[in-house]
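Chemist: mind looking at a prediction? Sequence and model below.
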Amino acid sequence: GPMESIPEYIKRKHHPETIEYLDPRMKDYLDQSLGLMVYQDDVLLTAITLAGYNWEEVDKFRKAMGKKIPAEMAKQKEKFVKGCREYGQLPADTIHRLWELIEPFAAYGFNKAHAASYGVVAYQTAYMKANFPIQYMTAVLIAESGDIDKVPEIIHECERVGIKVLPPDVNESFKSFAMVAPEDGSAPHIRFGLNGIKNLGENIADVIYRERKKNGQYKNLEDLLSRVQGRDFNRKSLESLIKCGALDSFGFDRGVLLSNIDNILSFLHQVQDQSSSTQNSLFVGTKIDFVSKVRLDKAPLATEDNKLIWEKELLGLYVTAHPFTYFEKVMANSLTAIKDLSGQGRKKWVIVGGIIDSTKKKITRSGKPMMFVNIQDTTDSLELLVFPRTYETTKNVWVEGKMVCVVGKTSEEEGDDKLFVEKAYELTKE
């Protein structure tokens, strides 16, 4: 039922002497909820008991609340008030108070069976999270894997409870998120799934997984290139595997592998040609092997920033680290975490920070530019509204990939999580 009733429910639970009923007849069905209308059933029974509704009429009342149609609710109010007065013989002030308690159910209200079911599921999931945390969080990630907004939030929760979520690995990843218990006895962790890698393709992800499951782990880069067969195993899919870290277990730096992509492809093509050839070779049965190793020339190593950018590009989020972590630690006493904004109240001044994820420029009716910006810190993402006056003084700040600190005001509308920007500053480590 309406959350406004929670404090009163708690008070009555701890102090039974404060329990009271607006009408003695309500005790027959509100005794278990301490005299308060908590469930949708309570509203319907009140309409039947005090306003003389029959079951058909009360079902229409329920539908009017559920559809939240003002005109229909106005009709029901008139009928309810008349019924309470003529059938229930209630005084006007009691009728008015009853309707005040019923009206919020048009915004939010469950029937008792639904609420009980939710309670059971809440208990079950809390038990699973407390006693089998890594299995539970893996299941949550699998269930929400298609929601790019929820996955970072879940990964942040994994980190909070001490569970590592690692980027894809050709020798550990399944097709979706999976719990991995290393053979060396080290702590289990969660691996990102191969299907989550952009530009890899479900077909190649499936081939990599099935080949490993059938014939064991890939011993090295050459072993992978020799065993994974498929038309889709090409430059684009190899670059994706390299950039997101799926080949890190072979011991080569991502920057080095990426710089040698032509050499890797040359080796792959030779393997493919060799396997598809039907001609007998003069060297069959000998120890001569012309393509035993991939030639990797020296090249610059990938920086940490490179790795994070590639992870975001190919996985849709930062996995091994977050580019805003440094600033979050340095400015811990000044910044409000984005996930905590909902508890700050309406029309409140706050200071938040994050990396700019996306920007969208719009022209107002008066012909002035404004900006819609999405930023994210390590806890969540947030939409910013930059109106023309503020945009004029901060337009150089709004560049994707920049770190920013923002001073703004929360919306006055309940459920509106946007922040209205007053000031914005670019952050640098210097």
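Modeler: The structure has been received and is ready for your questions.

Chemist: now the residue most central in space within the chain: phi and psi?
Modeler: The chain has K150 as the residue nearest its centroid, 0.5 Å off, counting by C-alpha atoms, centre = their mean. The phi and psi values for K150, taken as degrees, to the nearest 10, are phi -80, psi -30.

Chemist: can you tell me the closest non-neighbouring residue to it?
Modeler: Excluding the flanking residues, the one nearest K150 by C-beta to C-beta, 6 or more residues apart in numbering is E144, at 4.5 Å. Glycine gets a C-beta too; all of them are placed from N, C-alpha and C.

Chemist: what lines up beside the longest strand along the chain in the sheet?
Modeler: Assignment by DSSP state E gives strand 349-363 as the longest strand of the chain. Each strand paired with strand 349-363, and its direction, by DSSP bridges: strand 369-376 (antiparallel), strand 403-410 (antiparallel).

Chemist: tell me the mean pLDDT for the first one?
Modeler: Model confidence over strand 369-376, given as mean pLDDT, is 93.

Chemist: low pLDDT regions in this protein?
Modeler: Low-confidence segments of the chain, defined by pLDDT under 70: 106-107, 275-291, 415.

Chemist: so F174 sits in a strand?
Modeler: No: F174 is assigned coil when assessed by DSSP: H, G, I helix; E, B strand; the rest coil, not a strand.

Chemist: you'd agree it is up against R191?
Modeler: Yes: under the criterion of C-beta atoms under 8 Å, F174 makes contact with R191 at 7.3 Å.

Chemist: okay, the two: which has more neighbours?
Modeler: Between F174 and R191, R191 has the larger neighbour count (other C-beta atoms under 10 Å), namely 22 against 19.

Chemist: ok, now which ones touch that one?
Modeler: R191 makes contact with V165, L166, P167, P168, D169, E172, S173, F174, F177, A178, M179, V180, according to C-beta atoms under 8 Å, 6 or more residues apart in numbering.

Chemist: biggest helix in the protein by residues?
Modeler: Longest helix in the chain, counting residues (DSSP state H): helix 112-131.

Chemist: and the next element down the chain from that one?
Modeler: The C-terminal neighbour of helix 112-131 among helices and strands, as given by DSSP states H and E, is helix 133-143.

Chemist: how about stretch 63-75: buried residues?
Modeler: A64, M65, E72, M73 (16 or more other C-beta atoms under 10 Å).

Chemist: ok, D41 to A116 distance?
Modeler: Per C-beta to C-beta, to the nearest Å, D41 is found 11 Å from A116.

Chemist: more neighbours, the two?
Modeler: Neighbours per residue, other C-beta under 10 Å: of D41 and A116, the larger number sits with D41, 19 against 12.

Chemist: helix or strand for the more buried one, which one?
Modeler: Short version: D41 belongs to helix 40-51, going by DSSP H and E.

Chemist: quick one: name whatever helix or strand follows that helix.
Modeler: Scanning forward in sequence from helix 40-51 by DSSP H and E, the next helix or strand is helix 55-67.

Chemist: which of the contacts of R191 fall in helices?
Modeler: Using DSSP H, none of the contacts of R191 sit in helices.

Chemist: picking that back up, for the helix holding D41, which helices and strands make contact with it?
Modeler: The contact analysis (3 or more C-beta pairs under 8 Å, 6 or more residues apart in numbering; DSSP states H and E) places helix 40-51 against helix 27-30, helix 55-67, helix 70-86, helix 92-102.

Chemist: mind running it again at 10 Å?
Modeler: helix 27-30, helix 55-67, helix 70-86, helix 92-102, helix 112-131 (3 or more C-beta pairs under 10 Å, 6 or more residues apart in numbering; DSSP states H and E).

Chemist: ok, which of those comes nearest T320?
Modeler: Closest approach to T320 among the helices and strands packed on helix 40-51 (C-beta to C-beta): helix 112-131, 24.0 Å.

Chemist: what helices or strands is the closest one leaning on?
Modeler: Helix 112-131 sits against helix 40-51, helix 133-143, with contacts defined as 3+ C-beta pairs under 10 Å, 6+ apart.

Chemist: ok, now with 8 Å
Modeler: If you count contacts as 3+ C-beta pairs under 8 Å, 6+ apart, helix 112-131 packs onto helix 133-143.

Chemist: now do the helix it packs on and helix 112-131, the angle between them.
Modeler: 130 degrees (axes from the mean of the first three to the mean of the last three C-alpha atoms, to 10 degrees).

Chemist: any idea how far the helix or strand that helix 133-143 is followed by is from the chain center?
Modeler: If you walk from helix 133-143 toward the C-terminus, the next helix or strand you reach (DSSP H and E) is helix 150-160. Helix 150-160 sits 8 Å away from the centroid of its parent chain (C-alpha atoms, centre = their mean, to the nearest Å).

Chemist: before we move on, what about stretch 356-363?
Modeler: With C-alpha atoms, centre = their mean, you get 21 Å for stretch 356-363.

Chemist: pull that stretch out as CSV, backbone CA atoms only.
Modeler: Extracted C-alpha coordinates of stretch 356-363, given in CSV (Å, rounded to 0.1, in the frame of the first residue of the first chain):
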residue,chain,number,x,y,z
ILE,A,356,30.7,12.0,-20.0
ASP,A,357,29.1,9.0,-21.7
SER,A,358,27.0,10.8,-24.3
THR,A,359,25.8,14.3,-25.4
LYS,A,360,22.9,15.5,-27.4
LYS,A,361,22.5,19.1,-28.4
LYS,A,362,19.1,20.7,-29.0
ILE,A,363,17.8,24.1,-30.1
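
Chemist: still on that earlier bit, would you turn the strands paired with strand 349-363 into CSV with mean neighbour count and distance to E239?
Modeler: What follows is these, written out as CSV (neighbours: other C-beta atoms under 10 Å; distance: least, C-beta to C-beta, whole Å):
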stretch, mean neighbour count, distance to E239
strand 369-376, 20, 25
strand 403-410, 20, 27
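
Chemist: dump those into CSV; add distance to L238 as well.
Modeler: Below are the strands paired with strand 349-363 laid out as CSV (distance: least, C-beta to C-beta, whole Å):
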stretch, distance to L238
strand 369-376, 29
strand 403-410, 31
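
Chemist: among those, which comes closest to P104?
Modeler: Closest among the strands paired with strand 349-363, using C-beta to C-beta: strand 403-410, at 22.9 Å.
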